[in-house]
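# One predicted model, sequence on top.
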Amino acid sequence: MRISAKRAALWLRKFPRRRVLVVGDLMLDRYIYGAVSRISPEAPVPVVRVTREASMPGGASNVAVNIRALGGKAAVAGMLGKDAAGVELRWLLTHAEVDVECAMLFAGASTIIKERIIAERQQVVRVDFERQVPWTDRQTEKFLAMLAVELARVDGVIIEDYDKGVITQPVVDLVLQIAGKRGIPVGLDPKEGHQLDIQGITVATPNRKEAFGIAGLLDPGAKENPLTDKALLKVGQILMEKWAAQNLVITLGAQGMFLMSRGKAPRHVPTRAREVFDVSGAGDTVIATCVTALAAGADFLAAAELANIAAGVVVGKLGTASCTPQELLAHMKQPAT
C-alpha cells in the first residue's frame with residue numbers, strides 16, 4: 001500500500017527537528033557541460049566545446065546535502081585535503097547549511113574530485129582525481145574523538161562507504177557502539193569488496209549489483225516480479241544475516257525497490273520515476289531520505305516509500321541532485337505513467 005500525501009507531509013514536517021550525521025568519504029563533483037560537433041583529428045574521440053562548468057558536493061557530502069534539501073539538519077564527518085578543492089567543497093557544504101565541524105583537514109592528502117564531461121545530456125567521460133594517504137595514529141585518534149562528540153548529539157547516522165579511507169573498523173565500531181547505546185537508527189551504504197565487520201544496523205541500501213557482489217553470488221538476471229526472484233530473495237537473506245540488519249532496501253532501478261524486514265514477508269515497491277535523465281546520486285537520495293524518516297519516527301515501510309518517491313524526483317534531473325519536500329509532495333500528485 002502506497003503512502004498517502006497527507007501521511008508523507010506529516011513525516012516531512014518532523015524532518016527539521018532531526019539531525020543526521022553522515023560519516024564517510026567526502027568528494028567534490030565537477031561537471032563540464034558542452035556541445036559536440038566534430039571528431040578530434042588527433043584521436044577518434046569527440047571534441048567538446050565547453051559552455052559551462054559547475055561543482056557540487058559528492059560522495060558522502062551529497063548525502064548530507066540531500067538531508068538538508070529535505071529539511072533535516074545534516075552534519076558530515078570525513079576528511080578533506082588542504083587544497084583548493086577542499087576549500088571549495090567546504091564552502092559548498094557550508095553554503096548548503098551542512099555542519100562541517102567534523103570534516104577534518106588532512107595535511108598531505110588530496111580532496112577527491114570526480115569530474116564528468118557531459119555533452120547533449122550524455123556523459124562522455126569521467127575523470128577521477130584521488131590520492132589515498134594512510135592516516136597516522138594521531139589523526140585517527142583525533143577523528144574518533146571528534147566523531148564521538150558528534151554521535152552524542154545526533155538523531156541518526158549514515159555510514160557512507162566508498163572505500164577511500166574514512167570508513168575503517170574502528171570508525172564502524174564507534175558508530176555502532178554509541179548509536180546502539182542511544183537507540184538511534186544507523187544506515188549503511190556499503191561498498192562492494194570492502195571487508196568490514198558490521199553488525200546491528202537499522203537499514204542497508206545497496207543496489208542490485210552491489211547486493212549480489214557483497215553476497216558473493218552471480219546475478220542470473222532480474223525477474224519480471226521481484227517477489228518471485230529466488231536469487232534476489234537469497235541475496236537479501238544473506239545480507240540481512242551478514243549485517244544483523246533490521247531492514248534491507250535493495251534498489252532495482254526501473255523496478256523500484258525490494259524490501260526486507262526481520263519477521264516480515266518481503267515487499268516490492270514499484271518505481272515512482274516519471275522520466276529518467278541521470279541516476280547519479282539516486283542512491284544517496286534513498287539512504288538520506290530513509291534514515292532521516294526513521295530518525296523522525298516513521299516506520300520502515302513509510303521511510304522506504306518516501307525514499308522511493310524522492311529518488312523518482314532526483315533521477316528526473318541532470319547531474320548530482322536532491323529533492324525538496326515540496327518536490328516530493330508535488331511528485332506524489334502527478335499521475336503515474
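Alright, I've got the coordinates.
# And N62, how far from R30?
Distance of N62 to R30, computed by CB to CB, to the nearest Å: 13 Å. In this view, the C-beta of every residue, glycine as well, is placed from N, C-alpha and C.
# shared neighbours, the two?
Listed contacts common to N62 and R30 are M56; contacts here mean CB atoms under 8 Å, 6 or more residues apart in numbering.
# residues touching R262, list them.
Neighbour list for R262: 240, 245-247 [criterion: CB under 8 Å, 6+ apart].
# Okay, and which of the residues you listed map to strands?
Secondary structure from DSSP state E places N247 of these in strands.
# thinking again about what came up before, comparing N62 and R30, which residue is more hemmed in?
Using other CB atoms under 10 Å as the criterion, N62 and R30 rank with N62 on top: 25 against 20.
# Would you agree that one is in contact with V286?
No. Look at N62 against V286 with CB atoms under 8 Å: they stay out of range, at 11.8 Å.
# now the helices for the protein?
Along the chain, counting by DSSP state H, helices occupy 5-12, 60-69, 84-95, 137-151, 169-182, 208-215, 230-242, 282-295, 300-314, 325-333.
# Next, the angle from the fourth one to helix 169-182.
Relative orientation of helix 137-151 versus helix 169-182 (axes from the mean of the first three to the mean of the last three CA atoms, to 10 degrees): 20 degrees.
# again with the first one
When the same axes, to 10 degrees is applied, the directions of helix 5-12 and helix 169-182 differ by 110 degrees.
# for helix 5-12, packing partners?
Helices and strands touching helix 5-12, by 3 or more CB pairs under 8 Å, 6 or more residues apart in numbering; DSSP states H and E, are helix 300-314, helix 325-333.
# Kindly report the same for the fifth one.
With contacts defined as 3+ CB pairs under 8 Å, 6+ apart, the packing partners of helix 169-182 are helix 137-151, strand 156-160, strand 186-189.
# and these as CSV, adding mean pLDDT and mean neighbour count?
Below are those laid out as CSV (pLDDT from 0 to 100; neighbours: other CB atoms under 10 Å):
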stretch, mean pLDDT, mean neighbour count
helix 137-151, 95, 15
strand 156-160, 98, 29
strand 186-189, 97, 27
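# Turn those into CSV, including distance to F300.
As requested, the helices and strands packed on helix 169-182 are exported to CSV (distance: least, CB to CB, whole Å):
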stretch, distance to F300
helix 137-151, 22
strand 156-160, 13
strand 186-189, 11
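# Any idea which of those gets closest to G200?
Among the helices and strands packed on helix 169-182, strand 186-189 comes nearest to G200, with 7.6 Å by CB to CB.
# follow-up on the earlier one: which one of the helices and strands packed on helix 5-12 has the poorest average confidence?
Lowest mean pLDDT of the helices and strands packed on helix 5-12: helix 325-333, a mean of 88.
# Can you give the contact residues for that helix?
Residues outside helix 325-333 that contact it (CB under 8 Å, 6+ apart): 5, 8-9, 12, 15, 70-71, 272, 274, 306, 309-310, 312-313.
# just for the stretch 101-250 of the chain, where's the confidence low?
Within the stretch 101-250 of the chain, no stretch has pLDDT under 70.
# can you rerun that using 80?
Scanning the stretch 101-250 of the chain for pLDDT under 80 picks out 107-108, 121.
# thinking T324 is in contact with A69, fair?
Yes. When contacts are counted by CB under 8 Å, T324 is listed as touching A69 (5.4 Å).
# Tell me which of those two has more neighbours.
A count of neighbours by other CB under 10 Å puts A69 above the other of T324 and A69, at 22 against 15.
# From K164, how far off is that one?
Distance from A69 to K164, counting by CB to CB: 24 Å.
# same thing with T228?
Using CB to CB, T228 is found at 38 Å from K164.
# Comparing the two, which shows the higher neighbour count?
More crowded of T228 and K164, by other CB under 10 Å: K164, with 19 against 10.
# Report the contact partners of the more buried one.
By CB under 8 Å, 6+ apart, the residues touching K164 are 25, 27, 59, 112, 130, 132.
# show me what contacts the residue lying farthest from the centre of the chain?
Largest separation from the mean C-alpha position in the chain: P41, at 40.1 Å (CA atoms, centre = their mean). By CB under 8 Å, 6+ apart, the contact list for P41 is empty.
# Tell me the spacing between it and R18.
56 Å.
# Among the helices of the chain, which comes closest to T51?
The closest of the helices of the chain to T51 is helix 84-95. By CB to CB, the value is 20.6 Å.
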